[in-house]
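Coordinates for the following, if possible.
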Amino acid sequence: MIPDFSFLRLFSFLVLCAWLSMQSVSSPSVSAGKSQGANAKPIVHFTDIAQKAGLVAPVIFGGENRKKYIIETTGTGVAIFDYDNDGWPDIFVVNGTTLEALPSDKAPTSHLYRNNHDGTFTDVTEKAGLTHTGWGQGVCVGDYDNDGFEDLYVTYYGKNVLYHNNGDGTFTDVSEKAHVAGSGKYWGTGCAFVDYDRDGKLDLIVANYVDYDSATAFAPGAQPSCMWKGVPVMCGPRGLPWAKNILYHNLGNGTFEDVTKKAHIDQTNGHYAFSVSTLDYDDDGWPDIFVACDSTASILYHNNHDGTFTDVAVVAGAAFNDDGREQAGMGSTVGDYDGDGRLDLFKTNFSDDTSTLYHNNGDGTFEDKTFPAGFGLNTQYLGWGVTFLDADNDGWPDLLLVNGHVYPEVDSQHLGSNFREPKILYHNNGNGTFTDISANAGPGITAVSSSRGLAAGDLWNDGRMSAVISNMNAPPMLLVNAVRNSNHWIAFHTIGTSFSSGPFSGSDGTKSNRDGIGAKITVRAGVRTLVDEVRSGSSYISNNDMRVHFGLGSAPKIDSVQIRWPSGLVERFENLAVDAIHTLKEGSGTPVNPPSPKP
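Prediction:
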């Protein structure tokens, strides 16, 4: 997690900061009518209602005042998903443990909170059968058996857990039976369900961090890599062996096959992997995979359409930052921030560095637009969870980041950072730039914590996006926007037909996975074209509400919605009302053109 800096890079950074500062003074029209003036009405006002809403169980993760080993630093993810199919998103918060053994009756477990439809949640963890304990890490959601109920995959330091949703409010641990528990020697972090071969069954990509063994781990300060700004700190990841990422292929009979080697997932120079974000970056109809890596190059697995992948991050311009240096990547998110119809990437990094915005050029390459977009000034924070979300429904996705340092020593040793840090909310100005509106975005944003996982979703089905945040050794946060405006919105819940006996969708008879994960949704409203995809995973080892949400600004209607399903079928849907969530089923729209054949 320690970045590599040089004097030249620092000098370049300061020059760019000065340039941006002059731009902000001399060009007030950059965010004309968008940024918040001193007396302007707040664009958003986020407050934390977790305690009132019933999200009270703390996330236990290592020592509170000292982190002796790297295992105590990574924290946990969160997921927003509708586990009981009542139409209201529920919340799952992964929990960890401590180095010291805890009595069985006090061992922390993950928590499932059921949405009560009234602004509150009920903890149903024990009833649901989700009381597993251990060094929990990330979570992703997907209906792997196409039975209509969302399943959970939770990564651990040790064996991972696949929870099958039984459809009656309970889950069953099927990890060993499904062959996805792993050997117990890996340290799982991010994950995502993805139908990489488009056969209608969700596969599973799992990122792994370091090959860690507490019995042989170095104590703080024991190695040169265990020092930070002259202070002894926990060791890693540099100097520690890495662990390879794993791809599981869904066999369709409740089991998976490890195809890591066959699919060339192990052939990469990116290691120490954290978040996983899927996207079809080259728009060829086949899902690709981006992995944010700590202290090494990022990974961009390009889907070769034949069951294999190639890491093209270096040649595609998504491996390093603009000055060619590897960063300490943590979280990642996907969105079309500038409205050009192409999906872009954003990645959070270590303190004393910037986060990174990769603009999709549309030719298979990306360009670092961090400084031109306005993301170059916040370098004091250590970023984790991140997500594009349209907080004010003006039609331009904003960006929410959560932060928190890994070294508690930064407080006691006065090292220029704080262990507990505020969130950052960037408002999209609609012209390729963003404005940091954090100071006026409400106490939920400015409150400090050592945060990790972040998931966003429409928890109240009213078009206002909320966020759930996992904090180290503290209860989670539930941020709700109190500002209402007249902007319109629309959202989509996709249903593929692999589970049904209806007519086939693809040219070869293949139907899409039940969740429609991988579907590309294009909304046309007046002069605007909005795009996004249905995805599992992303952020920092977390899972957003998979219903795809679009702000529409003042547009009172949309002209059309087009979906390119994972099967290849392209359909158009019309006469859909705004300010509503629509469930769209594969095969129920108007075909646009025959689906593209698969080799």
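
how about the helices of this structure, start to end?
Along the chain, counting by DSSP state H, helices occupy 7-26, 50-53, 125-128, 175-178, 313-316, 409-412, 443-446.

comparing these, which gets the lowest mean pLDDT score?
Of all those, mean pLDDT reaches its minimum on helix 7-26 (a mean of 40).

any weak-confidence spans in the protein?
Applying pLDDT under 70 to the chain flags the ranges 1-39, 500-510, 594-599.

Just give me the residue closest to the centre of it.
What sits nearest the mean C-alpha location of the chain, by CA atoms, centre = their mean, is residue 539, with 1.7 Å.

who's that residue bridged to?
The bridge-partner assignment for residue 539, based on DSSP bridges, gives residue 332.

mind checking how far it is from residue 469?
10 Å (CB to CB, to the nearest Å). In short, each C-beta sits where N, CA and C put it, glycine included.

Need the overlap of contacts for those two.
Overlap between the contact sets of residue 539 and residue 469, as judged by CB atoms under 8 Å, 6 or more residues apart in numbering, is given by 385, 453, 454.

of these, buried ones?
Burial of the shared contacts of residue 539 and residue 469 was assessed by neighbour count (16 or more other CB atoms under 10 Å); the buried members are 385, 453, 454.

Am I right that the second one is in contact with residue 385?
In this case it means residue 453. Yes. Residue 453 lies in contact with residue 385 (CB atoms under 8 Å); the separation is 5.3 Å.

can you list residues touching both of these two?
Residues within reach of residue 453 and of residue 385 at once, by CB under 8 Å, 6+ apart, are 77, 469, 470, 539, 540, 542.

Wait, the first one touches residue 452, no?
So the one you mean is residue 77. Yes. With the criterion set as CB under 8 Å, residue 77 and residue 452 qualify as a contacting pair; they are 7.3 Å apart.

Which neighbours do these two have in common?
Shared contacts of residue 77 and residue 452 (CB under 8 Å, 6+ apart): 385, 470, 540, 541.

who wins for neighbours among those residues?
Neighbours here mean other CB atoms under 10 Å. Within the shared contacts of residue 77 and residue 452, the largest count is held by residue 541, at 36 neighbours.

For that one, give me its contacts.
Residues 76-77, 94, 137-139, 155, 189-191, 274-275, 331, 452-453 are the ones in contact with residue 541 under the rule CB under 8 Å, 6+ apart.

What of residue 166?
By CB under 8 Å, 6+ apart, the contact list for residue 166 reads 149, 172.

Same question for residue 191.
By CB under 8 Å, 6+ apart, the residues touching residue 191 are 138-140, 153, 155, 160, 204-207, 276, 537, 541.

for the residues you listed, which one is nearest residue 491?
If you rank the contacts of residue 191 by distance to residue 491 using CB to CB, residue 537 comes first, at 19.2 Å.

okay, now that closest one: neighbour count?
Residue 537: 33 neighbours (other CB under 10 Å).

hmm, back to that, can you flag which of the shared contacts of residue 539 and residue 469 belong to strands?
Among those, the ones falling in strands (DSSP state E) are 385, 453, 454.

With distance to residue 198 added, can I get those in a markdown table?
Formatted as a markdown table, those follow (distance: CB to CB, whole Å):
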| residue | distance to residue 198 |
| --- | --- |
| 385 | 29 |
| 453 | 29 |
| 454 | 29 |
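
Tell me how far residue 309 lies from residue 464.
Taken as CB to CB, the span from residue 309 to residue 464 is 38 Å.

higher neighbour count, those two?
For residue 309 versus residue 464, the count of surrounding residues by other CB under 10 Å is larger for residue 309: 23 against 20.

how much space between the closest residue to the more buried one other than its chain neighbours and residue 312?
Ranked by CB to CB, 6 or more residues apart in numbering and with sequence neighbours excluded, the top spatial neighbour of residue 309 is residue 301, at 4.0 Å. As defined by CB to CB, residue 301 lies at a distance of 8 Å from residue 312.

Those two: which is more packed in?
Set side by side, residue 301 and residue 312 show unequal neighbour counts under other CB under 10 Å, the larger going to residue 301 at 28 against 19.

In this structure the more buried one contacts residue 310, no?
Yes. The criterion here is CB under 8 Å, and residue 301 meets it with residue 310 at 7.2 Å.

Done for today, thanks.
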